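Peer 1: Mind folding the following:
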Amino acid sequence: MYVNVFPDVKRHNTVKIDKIDELGNYVPFLAYSIISMCDITPKLIELYKVFNSSPISKYYKPLNYTTYHMTVFNLWNQREKLYPYQVDQSGRAPKSRDSITLNHVMKPAFFKMANKIKEFKDLNEIHVSVSKIKRTSTGIVMDVQLMSSVQIGQIKSLRSWCVDNFYNSDAKLKFHISFGYLYKKVEEDLTQPIFKLEEWIKENIPDIVVRRPSPTIFLSGELSLGNLRVNPLLLRRRNGN
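Peer 2: Numbering: from 1, shown residues only. Sure, this is the predicted structure:
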């Protein structure tokens with residue numbers, strides 16, 4: 001599906017959106033990432049309510065505050081080609097790209113990542129500050145900055161290791177927290193609502209805490225599972241397969 005994202009400015013971009021339908025329902029979208037979940041605090045819940053009551057939410061489906069997270073590394077998603085570690089020793093690719101099959105394929109990579117993350121002792125509690133609220137081609141995100149130079153170094157080291165081991169540079173990633181995905185043509189200028197949201201966050205939540213990075217399965221833009229030790233029958237039911 002293609003929609004006009006910026007009708008209130010001179011540029012008229014069209015984008016394909018594939019994580020959400022035109023009614024605002026999240027659809028299956030399989031992806032694997034390393035993420036750091038946000039601490040759920042009263043202020044974070046209030047932020048969700050502020051976003052939900054803003055004109056922005058008429059066009060961008062709000063993500064629930066329980067899903068707020070900072071992406072550390074994007075490993076693979078269903079739009080991408082398969083990488084060498086995702087095929088067997090004979091070079092054969094999986095016969096299916098359904099979640100059950102791919103989860104089995106990804107399990108060794110997930111365990112390898114989890115063991116590597118354990119080496120970084122200073123990432124249990126990561127403090128980030130808001131840099132800017134912006135619209136991307138698919139959603140509303142809050143760019144964030146890590147506040148500790150030690151943690152910045154360790155995250156860079158983790159990302160560098162991922163690049164060396166999983167064939168994906170993830171070079172375009174900027175640390176951010178997503179608030180919602182575009183699902184409807186924007187019919188008004190959202191400059192002021194976005195500015196007000198950014199100012200509210202800077203005033204009320206100058207310091208956001210995210211937790212130790214963890215390999216994570218995304219079954220949709222909204223639904224995630226913590227790791228590959230989950231019960232596969234539970235995964236099958238939750239993914240609707």
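Peer 1: residues in contact with Ile126?
Peer 2: Neighbour list for Ile126: Ser36, Met70, Leu146, Ser148, Gln151, Ile155, Val209, Val210, Arg211, Arg212 [criterion: C-beta atoms under 8 Å, 6 or more residues apart in numbering]. (C-beta placed from N, C-alpha, C; glycine too.)
Peer 1: so the fifth one touches Asp122, yeah?
Peer 2: Yes: with contact defined as C-beta atoms under 8 Å, Gln151 counts as touching Asp122 (6.0 Å).
Peer 1: These two: who's more crowded?
Peer 2: Comparing Gln151 with Asp122 by other C-beta atoms under 10 Å, the one with more neighbours is Gln151, at 17 against 12.
Peer 1: and the helix or strand harbouring His104, what does it pack onto?
Peer 2: Assigned by DSSP states H and E, His104 belongs to helix 99-117. With contacts taken as 3 or more C-beta pairs under 8 Å, 6 or more residues apart in numbering; DSSP states H and E, helix 99-117 sits against strand 28-37, strand 69-77, helix 149-166, strand 214-220, helix 232-239.
Peer 1: Skip ahead from it and say which helix or strand is next.
Peer 2: strand 125-135.
Peer 1: strands paired with that following strand, and their directions?
Peer 2: According to DSSP bridges, strand 125-135 forms sheet pairs with strand 139-146 (antiparallel), strand 208-211 (antiparallel).
Peer 1: Could you export those as TSV, including mean pLDDT and distance to Asp170?
Peer 2: Written out in TSV, the entries for the strands paired with strand 125-135 read as follows (pLDDT from 0 to 100; distance: least, C-beta to C-beta, whole Å):
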stretch	mean pLDDT	distance to Asp170
strand 139-146	97	16
strand 208-211	98	18
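Peer 1: No more questions from me, cheers.
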